[in-house]
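Q: from the sequence below, what's the structure:
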Amino acid sequence: MGWINEAELSEEERRKIRRQMRNRAILRWFGRLAGRLLTRIEVTGKENIPTEGPVIFAANHLSTYDAVLMLVHLPPQTQILGPGDFKLLWPANIIVENIGIIMVKRGAVDRHSMREMEKVLKNGGFLGLFPEGGTWEKGLEDVKSGAAYLSATTGATIVPIALGNTYQVWSKMFRLKRPKVTMHFCEPMPPVQLSGDRKTRQQELQDASVELMKRIFEHLPPSDQKFYLEMPRRRYRGILTFEPSIALDTTSDFSGIAELVSKPNLFSPLHRNAKLPLKPFTSHLGRFVTAEELDVAARSLLTAFENDFKGFLEYRLGEEKEQRILGDLKELVSVAQHAAKESAKVKFDVQMWLAEG
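A: Coordinates of the predicted model:
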């Protein structure tokens, strides 16, 4: 890789890096072939790809397929970031282990990955990342400041990348619908400049991050633009129904858990990756289940958020919504216990609407 001085490495480390680069080349070839067969890919703006670093390639992020696009279409020496805060599924786990991705523990202070990223850029390398931090459904301004921080501290140019029509694209690909996917390299942005005032530093970084997302937004297809604009306006309510009917003493509208289960990308790591028993909220959402199943699902989520997935909600939704969801789950445990005493089944439905813009 271009930023690495192989003379400083042991023979074993050099062999490892060369093996990773061979694996990347193979994966890029298969990725290009799969992209042509399963999608109608359109890549534009390649003239905006710099030939020298340091460069940060920063793309919007609505699907895990975005990582494939970055790996395939960015310069081969680009170092890419990946999620290190939960267990990846096959084949992603095998790929990550063999191509040398920097794994980031999101929602925690991860100094090791930050040093690795800075090392790449300070040595004139290329770095590919997603400034939103993940694929969960969010608004345009719900962006992290990491890319702006790295640019400001290393003097790296930022190349915004607009990835279009990738939300839920895997299901379309598996059904052989060959969806149109777009990838546009926008005009490079100069390194982020900070005033030096510690009191305004974080706001300056956030402003630069929002400006980056606005540059990307301009080159997204209308359907994705609509998605980003609608997400902050979505409101949720959870509705419980019992069979037979029972009296329920609760003032909660269960809006927190309703939002969580209504966002496929946000919710999928909990039931697909962690394999938590979440029947009432997955394929059986809106169907009657036993009170015991609701109790198990709510307790499983509470345990996960206290242990393996600690910080998961706060990083993605903020502290206020995290507390709301935890409160909803505790209330659902109480509800399940009450329903069990009455030998009643329970159904959890979600209502969603758009608030006035």
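Q: now the element after the helix or strand of the chain with the lowest mean pLDDT, going C-ward?
A: Sorting the helices and strands of the chain by mean pLDDT, DSSP states H and E puts helix 92-99 at the bottom, at a mean of 76. As assigned by DSSP states H and E, the chain's next helix or strand after helix 92-99 is strand 102-104.
Q: strand partners (parallel or antiparallel) of that next one?
A: Take DSSP bridges as the rule and strand 102-104 pairs in its sheet with strand 79-83 (parallel).
Q: need the residues that contact the partner strand.
A: Strand 79-83 is contacted from outside by 1, 3, 67, 70-71, 74, 88, 96, 100-104, 106, 113, 117, 120, 125-130, 134, using Cβ atoms under 8 Å, 6 or more residues apart in numbering. All C-beta atoms are positioned from the backbone trio N, CA, C, and that covers glycine.
Q: strands along the stretch 101-250 of the chain, start to end?
A: 102-104, 126-129, 157-164, 180-185, 234-243 (DSSP state E, counting those that start in this stretch).
Q: cool, the stretch 251-357 of the chain as well?
A: With strands called from DSSP E, counting those that start in this stretch, the stretch 251-357 of the chain shows them at 288-289, 345-354.
Q: among those, which is nearest S145?
A: strand 345-354 (28.0 Å; Cβ to Cβ).
Q: in that closest one, what's buried?
A: K345, V346, K347, F348, V350 (16 or more other Cβ atoms under 10 Å).
Q: for stretch 39-55, same thing?
A: T39, I41, G45, I49, G53, P54, V55.
Q: closest one to I161 among the strands of the stretch 251-357 of the chain?
A: Nearest to I161 among the strands of the stretch 251-357 of the chain is strand 345-354; the distance by Cβ to Cβ comes to 28.4 Å.
Q: identify the residues contacting that closest one?
A: 230, 233-243, 254, 258, 261-262, 280-281, 285-291, 294, 335-336, 339.
Q: tell me the contacts of the residue nearest the centre of the chain?
A: Geometric centre of the chain, nearest residue: G134, 1.7 Å, by Cα atoms, centre = their mean. Shown in contact with G134 (Cβ under 8 Å, 6+ apart): H61, P83, R106, N265, R316.
Q: closest to D224 out of these?
A: Distance to D224 across the contacts of G134 (Cβ to Cβ) is lowest for H61, with 11.5 Å.
Q: burial measure for that closest one, as a count.
A: Residues contacting H61 under the criterion other Cβ atoms under 10 Å number 23.
Q: mind showing which ranges of the protein have poor pLDDT?
A: Flagging of the chain using pLDDT under 70 yields the residue ranges 1-9, 357.
Q: ok, back up a step: what's the closest of the contacts of G134 to K214?
A: Nearest to K214 among those, with distances taken as Cβ to Cβ, is H61, at 15.6 Å.
Q: what about that closest one, helix or strand, and which?
A: Short version: H61 belongs to no helix or strand, going by DSSP H and E.
Q: got the domain boundaries for the chain?
A: 6-220, 233-354 (automatic domain parsing).
Q: any chance of those in a markdown table with distance to K226 as columns?
A: Output for those, formatted as a markdown table (distance: least, Cβ to Cβ, whole Å):
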| stretch | distance to K226 |
| --- | --- |
| domain 6-220 | 9 |
| domain 233-354 | 11 |
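Q: surely Y65 touches Q168?
A: No. Counting by Cβ atoms under 8 Å, Q168 is not a contact partner of Y65; they are 9.6 Å apart.
Q: these two: who's more crowded?
A: Each of Y65 and Q168 has its neighbours counted (other Cβ under 10 Å); Y65 has more, 21 against 13.
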